[in-house]
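**Q** next input, structure requested:
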Amino acid sequence: MRWYLRADCNCEGAMALALNGVANDDAPSRNHAANLVAFVLRNSSLQQGPGADPKSSAYGLLDWNTGESGA
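**A** Prediction:
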């Protein structure tokens with residue numbers, strides 16, 4: 001188990017929750033999916049750095065994890 005957050009894993013989990021929410025009309029699953037994606041895109045450190053700077057060539061890109069090495 002790794003201690004750092006990964007954008008791909010968090011968004012894959014959100015996708016599964018969203019699919020369950022739509023397929024089974026499960027509002028809590030849809031809400032959890034929306035919250036998870038909002039966290040990754042707005043609140044986590046994954047969207048900080050050069051990807052958050054409109055003047056950077058990396059603007060709009062997410063880090064894929066929060067580990068120190070970035071790998």
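**Q** remind me, longest helix of the chain?
**A** Of all segments of type helix in the chain, defined using DSSP state H, the longest is helix 7-23.
**Q** elements contacting the helix or strand residue 31 falls within?
**A** Per DSSP states H and E: residue 31 is located in helix 27-38. Where contact means 3 or more Cβ pairs under 8 Å, 6 or more residues apart in numbering; DSSP states H and E, helix 27-38 is packed against helix 7-23. Using the backbone N, CA and C atoms, a C-beta is placed for each residue, glycine as well.
**Q** also compute the angle for the helix it packs on relative to helix 27-38, please.
**A** 150 degrees (axes from the mean of the first three to the mean of the last three Cα atoms, to 10 degrees).
**Q** list of residues touching helix 7-23?
**A** 26-34, 36-37, 39-40, 44, 46, 62-65 (Cβ atoms under 8 Å, 6 or more residues apart in numbering).
**Q** mean confidence score for the helix holding residue 31?
**A** The predicted model assigns helix 27-38 a mean pLDDT of 97.
**Q** distance check, residue 53 against residue 67.
**A** 21 Å (Cβ to Cβ, to the nearest Å).
**Q** for the residue nearest to the spatial centre of the chain, which three-state class applies?
**A** Centroid-nearest residue in the chain: residue 40, 3.1 Å away (criterion: Cα atoms, centre = their mean). Following DSSP: H, G, I helix; E, B strand; the rest coil, we place residue 40 in the helix state.
**Q** how close does it sit to residue 66?
**A** 11 Å.
**Q** mind listing the shared neighbours of the two?
**A** 5, 46.
**Q** that older thread, can you list the buried residues in the longest helix of the chain?
**A** Buried positions in helix 7-23, judged by neighbour count with 16 or more other Cβ atoms under 10 Å: 7, 10-11, 14, 17-18, 20-21.
**Q** separation between the residue nearest to residue 52 when sequence neighbours are not counted and residue 53?
**A** The shortest distance from residue 52 to any non-neighbouring residue, by Cβ to Cβ, 6 or more residues apart in numbering, is to residue 59 (7.6 Å). Distance, residue 59 to residue 53, using Cβ to Cβ: 6 Å.
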